[in-house]
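Undergrad: What would the 3D arrangement of this be:
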Amino acid sequence: MARAAVLACLLSIMLVSIDIAQGYGINWGSMTTHPLPPKKVVAMLKENGFKKVKLFDAEPSMMDALAGSGLEVMVGIPNDKLSELARDYGSAKAWVKHNVTSYLYDGGVAIKYVAVGNEPFLSSYNGSYVKTTYPAMKNIQKALYDSSQEVGSKIKVTTPFNADVYHSKSDKPTDGEFRQNIRDSMVQILGLLKQAKSPFLVNIYPFLSLSQNTDFPREFAFFDGGGKGVDDGNIHYDNVFDANLDTAHYALKKEGYSDLEIIIGEVGWPTDGGRDANVKLAQKFYDGLFKKLAKGEGSPLRKGSVEVYLFGLFDENSKSIAPGDFERHWGIFRYDGRPKFPMDISGKGQNQMLKPVKGVEMLDKQWCVLNSDVRNLSKAMKEKDYACSNADCTSIKNSSSCSFLEPSDQISYAFNSFYQSRNQSAEACNFNGMGTKVTQDPSKGECLFPLQIESSATDLVALSLSTGLMLLMSFFILM
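TA: Numbers count the residues shown, from 1 in each chain. Just a heads-up that it's a prediction; the model follows:
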């Protein structure tokens, strides 16, 4: 009997571990000047036990790398395509053929969801996509079914929403409701989701709750229960994740869709680019999140395991920083595929470094810094401004990991960032004669002077074009 009990216990532990691994996905973005080799990334994901991946676009090299991997895929459609897909069914049909059915061959990509748009009802978009999201979803859903009944029934259409689509005037989850200015459009979409048996996808960011509100109780962003919390009837919420999730549940319930499954499309914590964006707090957040999810308890209102996609996989040095400098530092892995801090996705608290992306080729070990002979820093500062307008300098801004550097070292950081982004070309370390190349790593403490990875010219051209277009659109939308 004792042996049987031990075996039963071990089996239970194994099943819990399997459920946890199957429940996690991760967001894989491509807004970077130097992408890691997709096939090596896929190998790393599998080695670390991830089962699902969410893409923001059907980027061909990523889709090709996912073929035959067994990883479940949610493939995204960028917001800038919504208008055309909503207006022209032929475009929707062509998109599905090119980006979905062409990958459904034997040994192809295991596509489960198509995410139409990305946070299209975000308040800062000022309604730009409110009228096109639902018809685009409807056309993509129809195109999937028209390709075949099997494809249409297996691959579900959804849309990732930011948590700002709902709110509570009292800050209590029971008063949750959708924003009045988008309510009618939301109800349309909810009806489509229910009919298609698709999930409601929402992105929840405790970090943003903390960083955007100086009065927000700090510990409420984490899972340690040390803060004041929120009392709602006989329920006490000791973390904003649960409170936010149940606010979504109540918003759905008020519209008659309480039975819709909710999937967390994005949740994470950045490691740089702001006061509360650092490795220490990111590790604290993820430790609490994994332990909570491992229990499979769900939220106070709805019990049971929750499907979650972590955000994100890598730091992306070309993302728009309109929301904040932290936008380029959400990765649990660095830009070069190395993990940033120990974690245990099983939630058992046995933290260790995840496996890195293997076989990453780096550029030569050389950096560009300010020439020590330069005495006129005012002229050098102008060169710094030029470098930062064309490369990533978020780490030297206020409250970031390199903000403690002396002015001359901050100039060196900017020079090097530009130099690495240009593949260490000789002319990229000129700066009117004020730059010089060194072979000794100039990094100081936790401030890393990046050494860029080797990327193929094809990858760089393709990604620079897509990155430029997306950043340009973001600029005009946020104006």
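Undergrad: now residue 78, nearest residue through space, not along the chain?
TA: residue 57 (5.5 Å; CB to CB, 6 or more residues apart in numbering). C-beta coordinates here come from the backbone N, C-alpha and C atoms, glycine included.
Undergrad: just for this protein, where's the confidence low?
TA: The chain contains residues with pLDDT under 70 at 1-23, 456-479.
Undergrad: quick one: whichever strand or helix holds residue 137 to chain centroid distance?
TA: Assigned by DSSP states H and E, residue 137 belongs to helix 130-147. Counting by CA atoms, centre = their mean, to the nearest Å, helix 130-147 is centred 24 Å from the centre of its parent chain.
Undergrad: Show me what counts as buried in that helix.
TA: Under the neighbour-count criterion of 16 or more other CB atoms under 10 Å, helix 130-147 has 130, 132-144, 147 buried.
Undergrad: Which residue ranges of the stretch 351-479 of the chain form helices?
TA: 377-389, 407-421, 457-478 (DSSP state H, counting those that start in this stretch).
Undergrad: Over to the stretch 151-300 of the chain?
TA: According to DSSP H, counting those that start in this stretch, the helices that the stretch 151-300 of the chain contains are 183-196, 206-211, 240-254, 279-294.
Undergrad: what is the orientation angle of the longest one with helix 240-254?
TA: Computed by axes from the mean of the first three to the mean of the last three CA atoms, to 10 degrees, the angle separating helix 279-294 from helix 240-254 equals 50 degrees.
Undergrad: for the helix or strand following helix 279-294, packing partners?
TA: For helix 279-294, the following helix or strand on the C-terminal side (DSSP H and E) is strand 308-310. Other elements packing on strand 308-310 under the criterion 3 or more CB pairs under 8 Å, 6 or more residues apart in numbering; DSSP states H and E are strand 24-28, strand 262-267.
Undergrad: Show me what strand 308-310 is in contact with.
TA: When contacts are defined by CB atoms under 8 Å, 6 or more residues apart in numbering, strand 308-310 is touched by residues 23-27, 52, 54, 74, 263-268, 293, 332.
Undergrad: change it to 10 Å
TA: Contact with strand 308-310 is made by 23-28, 50, 52-54, 74, 160, 201, 203-204, 263-269, 286, 289-290, 293, 330-332, 343, 345, as judged by CB atoms under 10 Å, 6 or more residues apart in numbering.
Undergrad: Kindly report the same for stretch 288-298.
TA: Outside of stretch 288-298, the residues within contact range by CB under 10 Å, 6+ apart are 16-17, 19-20, 23-24, 206, 221-225, 239, 241-242, 245-246, 249, 262, 264, 267-269, 299, 303-308, 310, 343-349, 351.
Undergrad: If we use 6 Å, what do you get?
TA: By CB atoms under 6 Å, 6 or more residues apart in numbering, the residues outside stretch 288-298 that reach it are 20, 222, 223, 304, 305, 306, 345, 347.
Undergrad: Quick check: buried residues in that stretch?
TA: For stretch 288-298, burial by neighbour count (16+ other CB under 10 Å) applies to 288, 289, 290, 291, 292, 293, 294, 298.
Undergrad: how far out from the middle of the chain is that stretch?
TA: In terms of CA atoms, centre = their mean, the centre of stretch 288-298 is found 20 Å from the chain centre.
Undergrad: Correct me if wrong: residue 341 contacts residue 279.
TA: Yes - between residue 341 and residue 279 there is a contact under CB atoms under 6 Å: 5.2 Å.
Undergrad: what are the bridge partners for the nearest residue to residue 324 once chain neighbours are set aside, then?
TA: Leaving aside its sequence neighbours, residue 324 sits nearest to residue 274 (CB to CB, 6+ apart; 5.8 Å). With DSSP bridges as the criterion, residue 274 is bridged to residue 277.
Undergrad: try residue 202
TA: Counting by DSSP bridges, residue 202 is bridged to residue 161, residue 264.
Undergrad: and residue 170, how many neighbours?
TA: 10 (other CB atoms under 10 Å).
Undergrad: Next one: the closest residue in space to residue 326 that isn't next to it in sequence relative to residue 227, how far apart?
TA: Counting by CB to CB, 6+ apart, residue 326 lies nearest to residue 273, which is 3.5 Å off, once chain neighbours are set aside. Residue 273 is 24 Å from residue 227, where distance means CB to CB, to the nearest Å.
Undergrad: The two - which one has more neighbours?
TA: Neighbour count, other CB under 10 Å: between residue 273 and residue 227, residue 273 has more, with 26 against 17.
Undergrad: List the contacts of the more buried one.
TA: Listed by CB under 6 Å, 6+ apart, the contact set of residue 273 reads 325, 326, 329, 394, 400.
Undergrad: taking those residues one by one, which sit in strands?
TA: Counting by DSSP state E, the contacts of residue 273 place none of their members in strands.
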